[in-house]
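K.L.:
Below are the sequence and a predicted model for it; my questions follow.
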Amino acid sequence: MPDNSTAELRLHGKTYTLPLVEGTMGDKAIDISNLLKETGYMTLDSGYKNTGSCASAITFLDGKEGVLRYRGYAIEELANNCIFVEVAYLLLHGKLPNEAELRAYRDLIGRFALIHEDMIHFFDHFPSHASPMSILSVMVNSLCNFYPEMSDDPLVDFDVTSTRLISKIRTIAAFSYKKSMGQPLVYPRHDLCYCGNFLNMMFDKPVHPYQVRPEVVAALNKLLILHADHEQNCSTSTVRLVGSAGVNIYAAISAGINALWGPLHGGANEAVIDMLETIYADDSNVRKYIDKAKDRSDPFRLSGFGHRVYKTFDPRGKIIKQACDEILGVLNVSDPLLDIARRLEEIALKEEYFIERNLYPNVDFYSGIIYRALGIPSNMFTVMFALGRLPGWLAQWKEMREDSTTRIGRPRQVYTGEPARKFVPLAERK
Ligand code: CMC
């Protein structure tokens, strides 16, 4: 009978037995945690293409089939039937809230919406062109000075701290926009929902009161839900790694925000719009940019295309594409960038280069077009991603801290530098 619970590794004529691990959905892994101790060998996996960094019960992703589930629920069902705070509760508590739980959670989020008035002065000292992502990471990091964890064990206060963060990040994001526009701040209102409040804080003006439209609120809820978690991506792994050093939760989330900023990660939503605008200004010459993306000597890539894990359509991208058509229709917006995006997708999906590399539109390809239609400027797109991703980061941080097997994250390396050298005093150096 073959032993299905172990793998064998033959190294220099000796056989080592390694335990196999299987997840609830059939993910298979070889546990190599004792490999170095037993064999003297480490594994080498640049970019962690083949490395599981943890076991997690939060999000399931099947990149071959294009499946995404939070806590077992299909992303399509959550996006079509839930509001964002309901999904945040699901990620953090492992279950969907009942009506009373949701009411209490919304109420608590509402109560934490203000930020300390002293923090408002911080906004005055950024240059007007400052990146909203840098402001967001600084302000979130600063929260630890105003709202320190109340006990030595951050898990004790986790519900309060995580709710506080989910609420305040929205206020910080809207205030940074208002400051950049030179407009007076609009404070949160207790009578508005999470997304309605955000939109009102962004767009209400003394002379032009903002009307919160339910269709716009619904579109924003959907976008935030679709971004709420995505297992061990770059920013989430950053939150876990930084968190494993024992820093306060605000510092870990701030680190995640910085990781998300990159154009290969969350920053891709802004990069997509920049790319579409460039193509539009270049006579909408889609063919030219497809050829540039295929040219390996050209650093240009199709932003919003390709994914480390999905080798088919990103399920989030499919939902967003449909939502994009719907909301632009409702708002009666005709955006030439949407036509360019559609043509890029249509051509790319037929080209050998994209087919053989399994490059499909990802979550970022159409999301920026919706944000534009809602009036959100492109330098705020990645901030929107951060608002959506926050419950996921928090749930992953909590899972990491509750896991008794967690140790400080500390990858190894294969050293390729100089061997030991004799020190040369300054006067003798050539
Ligand atoms: N345009 C053109 N070629 C591409 C693209 C693209 N967008 N993405 C990957 N390739 C090519 C790449 O050049 C490589 O070709 P070759 O095998 O000839 O060297 C091959 O496809 C594999 O690419 P890779 O860079 O090894 O794949 P990766 O898994 O390391 O990178 C990625 C994944 C998302 C960083 C990459 O696809 C990319 O840069 N996409 C554009 C940026 C983007 O849209 N990022 C958002 C990702 S989804 C949101 C999120 O979770 O952050």
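P.N.:
It's in.
K.L.:
Please tell me how far the residue in the stretch 301-430 of the chain that the ligand sits nearest to sits from Ile273.
P.N.:
The nearest approach of the stretch 301-430 of the chain to the ligand comes at Gly306, 2.4 Å away (C-beta to the nearest ligand atom). Quick note: C-beta positions are derived from backbone N, CA and C, even for glycine. The gap separating Gly306 from Ile273 is 17 Å, by C-beta to C-beta, to the nearest Å.
K.L.:
Which one of these two is surrounded by more residues?
P.N.:
Ile273 (23 against 20; other C-beta atoms under 10 Å).
K.L.:
and Asn98, how far is that from the ligand?
P.N.:
Asn98 is 31 Å from the ligand, where distance means C-beta to the nearest ligand atom, to the nearest Å.
K.L.:
which phi and psi does that residue have?
P.N.:
With angles defined as degrees, to the nearest 10, Asn98 sits at phi -80, psi -180.
K.L.:
what's the closest non-adjacent residue to the closest residue to the ligand within the stretch 101-250 of the chain?
P.N.:
Using C-beta to the nearest ligand atom, Asn233 is the residue of the stretch 101-250 of the chain that sits closest to the ligand, at 4.9 Å. Leaving aside its sequence neighbours, Asn233 sits nearest to His265 (C-beta to C-beta, 6 or more residues apart in numbering; 6.9 Å).
K.L.:
Pretty sure the one you found sits against Asn258.
P.N.:
No. Contact criterion C-beta atoms under 8 Å: His265 and Asn258 do not qualify, at 10.3 Å.
K.L.:
which SSE is the residue nearest to Gly246 when sequence neighbours are not counted in?
P.N.:
With sequence-adjacent residues excluded and distances taken as C-beta to C-beta, 6+ apart, Gly246 is closest to Ile408, at 7.7 Å. Using DSSP states H and E, Ile408 is not contained in any helix or strand.
K.L.:
so Ile408 makes contact with Gly243?
P.N.:
No. Ile408 lies out of contact with Gly243 (C-beta under 8 Å); the separation is 9.9 Å.
K.L.:
Neighbour count for the two, which is higher?
P.N.:
Set side by side, Ile408 and Gly243 show more neighbours around Gly243, with 26 against 9, by other C-beta under 10 Å.
K.L.:
List the residues that contact the more buried one.
P.N.:
Contact analysis of Gly243 by C-beta atoms under 8 Å, 6 or more residues apart in numbering lists Ile249, Ala252, Trp397, Met400, Arg401.
K.L.:
any idea how far the ligand is from the second one?
P.N.:
From Ala252 across to the ligand, the span is 18 Å (C-beta to the nearest ligand atom).
K.L.:
Quick one, grab the pLDDT at that residue.
P.N.:
We have a pLDDT of 97 for Ala252.
K.L.:
And for the third one?
P.N.:
Reported pLDDT at Trp397 in the predicted model: 97.
K.L.:
Once you drop chain neighbours, what's closest to Phe203?
P.N.:
Nearest one to Phe203, counting by C-beta to C-beta, 6+ apart, is Tyr210 at 4.3 Å.
K.L.:
got the CA positions of the longest helix along the chain in PDB?
P.N.:
If you go by DSSP state H, the chain has its longest helix at helix 158-181. Output of helix 158-181 as PDB, limited to C-alpha atoms (Å, rounded to 0.1, in the frame of the first residue of the first chain):
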ATOM      1  CA  PHE A 158      -9.300  43.200  18.700                       C
ATOM      2  CA  ASP A 159     -13.000  43.800  18.000                       C
ATOM      3  CA  VAL A 160     -12.800  47.400  19.100                       C
ATOM      4  CA  THR A 161      -9.600  48.100  17.300                       C
ATOM      5  CA  SER A 162     -10.600  46.400  14.100                       C
ATOM      6  CA  THR A 163     -14.000  48.200  14.000                       C
ATOM      7  CA  ARG A 164     -12.300  51.500  14.800                       C
ATOM      8  CA  LEU A 165      -9.900  51.000  11.900                       C
ATOM      9  CA  ILE A 166     -12.600  50.000   9.400                       C
ATOM     10  CA  SER A 167     -14.500  53.200  10.400                       C
ATOM     11  CA  LYS A 168     -11.600  55.600  10.600                       C
ATOM     12  CA  ILE A 169      -9.900  54.600   7.400                       C
ATOM     13  CA  ARG A 170     -12.900  55.800   5.500                       C
ATOM     14  CA  THR A 171     -12.800  59.200   7.200                       C
ATOM     15  CA  ILE A 172      -9.100  59.500   6.700                       C
ATOM     16  CA  ALA A 173      -9.500  58.700   3.000                       C
ATOM     17  CA  ALA A 174     -12.300  61.300   2.500                       C
ATOM     18  CA  PHE A 175     -10.500  64.000   4.500                       C
ATOM     19  CA  SER A 176      -7.300  63.600   2.500                       C
ATOM     20  CA  TYR A 177      -9.300  64.100  -0.700                       C
ATOM     21  CA  LYS A 178     -11.100  67.200   0.700                       C
ATOM     22  CA  LYS A 179      -7.700  68.700   1.700                       C
ATOM     23  CA  SER A 180      -6.200  68.000  -1.700                       C
ATOM     24  CA  MET A 181      -9.100  69.800  -3.300                       C
END
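K.L.:
So which elements touch it?
P.N.:
Identification of packing neighbours for helix 158-181 by 3 or more C-beta pairs under 8 Å, 6 or more residues apart in numbering; DSSP states H and E yields helix 84-93, helix 99-111, helix 117-123, helix 132-146, helix 194-203, helix 249-260, helix 381-402.
K.L.:
list the buried ones in the shortest one?
P.N.:
Judged by neighbour count using 16 or more other C-beta atoms under 10 Å, the buried positions of helix 117-123 are Met119, Phe122, Phe123.
K.L.:
Was I right to think the second one contacts Val138?
P.N.:
Just to be clear, that refers to Phe122. Yes. The criterion here is C-beta under 8 Å, and Phe122 meets it with Val138 at 7.3 Å.
K.L.:
Name the helix or strand for the closest residue to Asn358 other than its chain neighbours, please.
P.N.:
Counting by C-beta to C-beta, 6+ apart, Lys311 is the residue found nearest to Asn358 once chain neighbours are left out, at 3.9 Å. Here Lys311, judged by DSSP H and E, is contained in no helix and no strand.
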